[in-house]
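Chemist: Any chance you could fold what I've pasted below:
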Amino acid sequence: MSALWIAHVTVTDEESYARYVALATEAIERGGGRILARGGRYVQLEGADRSRNVVIRYPSVEAAKAVYDSDLYQEALRHAKGASEREVVIVEEL
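Modeler: So this is what the prediction gives:
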């Protein structure tokens, strides 16, 4: 079953985060991910407000987790760690 990688992000360092985005995009594409939403308009209804929301579809939970664990994504993540506050979850679709 397909899965969604959902991230809620507040960017605190645009320059470093841009490096994350470039590397992460490559990792996502290599891993079969399809970006459905990245930034853009949103309406916050409940919980912590994060100005950047990302939704990526993968063929499976395992495929999404494999991208997260990949060397390329981990390299990208080093740029995001000090440049953002994030919550990330992978959810299996129905």
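
Chemist: residue boundaries of the strands in this protein?
Modeler: Here the chain has its strands, by DSSP state E, at 3-11, 34-38, 52-58, 84-92.

Chemist: Make JSON lines out of those strands and add distance to Asp71, mean neighbour count and mean pLDDT.
Modeler: Just so you know, the C-beta spots here come from the backbone N, C-alpha and C atoms, and that holds for glycine as well. What follows is the strands of the chain, written out as JSON lines (distance: least, C-beta to C-beta, whole Å; neighbours: other C-beta atoms under 10 Å; pLDDT from 0 to 100):
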{"stretch": "strand 3-11", "distance to Asp71": "18", "mean neighbour count": "19", "mean pLDDT": "98"}
{"stretch": "strand 34-38", "distance to Asp71": "20", "mean neighbour count": "14", "mean pLDDT": "97"}
{"stretch": "strand 52-58", "distance to Asp71": "18", "mean neighbour count": "19", "mean pLDDT": "98"}
{"stretch": "strand 84-92", "distance to Asp71": "18", "mean neighbour count": "14", "mean pLDDT": "98"}
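
Chemist: Distance to Ser70 added to the ones you listed, as CSV?
Modeler: Below are these laid out as CSV (distance: least, C-beta to C-beta, whole Å):
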stretch, distance to Ser70
strand 3-11, 13
strand 34-38, 16
strand 52-58, 12
strand 84-92, 14
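
Chemist: For Tyr20, which of the ones you listed is the nearest?
Modeler: Closest to Tyr20 of the strands of the chain, according to C-beta to C-beta: strand 84-92, at 7.6 Å.

Chemist: residues contacting the closest residue to Val61 other than its chain neighbours?
Modeler: Closest residue to Val61 apart from its sequence neighbours, by C-beta to C-beta, 6 or more residues apart in numbering: Ala3 at 4.4 Å. Contact analysis of Ala3 by C-beta atoms under 8 Å, 6 or more residues apart in numbering lists Arg57, Tyr58, Pro59, Ser60, Val61, Ala63, Ala64, Ile90, Val91, Glu92, Glu93.

Chemist: Quick check: closest non-adjacent residue to the first one.
Modeler: The shortest distance from Arg57 to any residue other than its chain neighbours is 4.8 Å, reached at Arg34 (C-beta to C-beta, 6+ apart).
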